[in-house]
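Asks: coords please:
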Amino acid sequence: MALEHLTKETFKEKVFNFEANKEWKYEGNVPCLIDFYADWCGPCKMVAPVLEELQNEYGESIVIYKVNTEVERELAGLFGVQSIPSLLFVPSEGQPQMAMGALPKDTFKKAIGDVLKVEYPN
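Replies: Residues are numbered from 1 along each chain as shown. Below you'll find the predicted structure:
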């Protein structure tokens, strides 16, 4: 299952309408994870299949999106993305948290549990 790539417009609909709201307000129904990446980035290529596996395994309990930082510079700037991959964990309630680097799958599972409050399905 391919992950959805967000543009500025779909980001505003599905994640955060930063033009309408100054304070963080998540627009989604389930927690999400956003992968800020670029096509030339080696570690990003390593993370991509892991994220696809996670999306398949968690099913509809979370959504994983991708943002191409080369194309969507404004979105990358909004979160101060300096290095890639950068991964934004967005819980249903509360503030999002950013993690950097190509994380191993177990670290993703732990962060999804701790930050997004979604347990790994058995």
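Asks: ranges for the helices of this protein?
Replies: With DSSP state H, the ranges of helices along the chain come out as 8-14, 42-58, 73-78, 105-114.
Asks: quick one, which of those gets closest to Cys32.
Replies: When these are compared by Cβ to Cβ, helix 8-14 sits nearest Cys32, at 7.7 Å. For every residue, glycine as well, the C-beta is placed using N, CA and C.
Asks: give me the beta-bridge partners of the residue nearest in space to the middle of the chain?
Replies: Nearest to the mean C-alpha position of the chain, by Cα atoms, centre = their mean, lies Ile34 at 1.1 Å. For Ile34, the beta-bridge partners are Tyr65, Leu88 (DSSP bridges).
Asks: measure it to Met46 for me?
Replies: According to Cβ to Cβ, to the nearest Å, Ile34 and Met46 sit 17 Å apart.
Asks: list the buried residues in stretch 79-99.
Replies: Taking 16 or more other Cβ atoms under 10 Å as the neighbour-count basis, stretch 79-99 is seen to contain the buried residues Phe79, Val81, Ile84, Pro85, Ser86, Leu87, Leu88, Phe89, Val90, Pro91, Pro96.
Asks: could you work out the end-to-end span of that stretch for me?
Replies: Distance between the boundary residues of stretch 79-99 (Cα to Cα, to the nearest Å) amounts to 12 Å.
Asks: run through who's touching it.
Replies: Contacts of stretch 79-99 with the rest of the structure, by Cβ atoms under 8 Å, 6 or more residues apart in numbering, involve 15, 24, 26, 28-38, 41, 43-44, 47, 69, 100-103, 108, 111-112, 115-117.
Asks: go on, stretch 52-65?
Replies: Under the criterion Cβ under 8 Å, 6+ apart, residues 1-6, 14-15, 28, 30-35, 51, 105, 108-109, 112, 116, 118, 120-121 lie in contact with stretch 52-65.
Asks: so how far is it from its chain's centroid?
Replies: For stretch 52-65, the distance between its averaged C-alpha position and the chain's averaged C-alpha position is 11 Å (Cα atoms, centre = their mean, to the nearest Å).
Asks: again with stretch 83-103
Replies: Between the mean C-alpha position of stretch 83-103 and that of its chain there is a distance of 6 Å (Cα atoms, centre = their mean).
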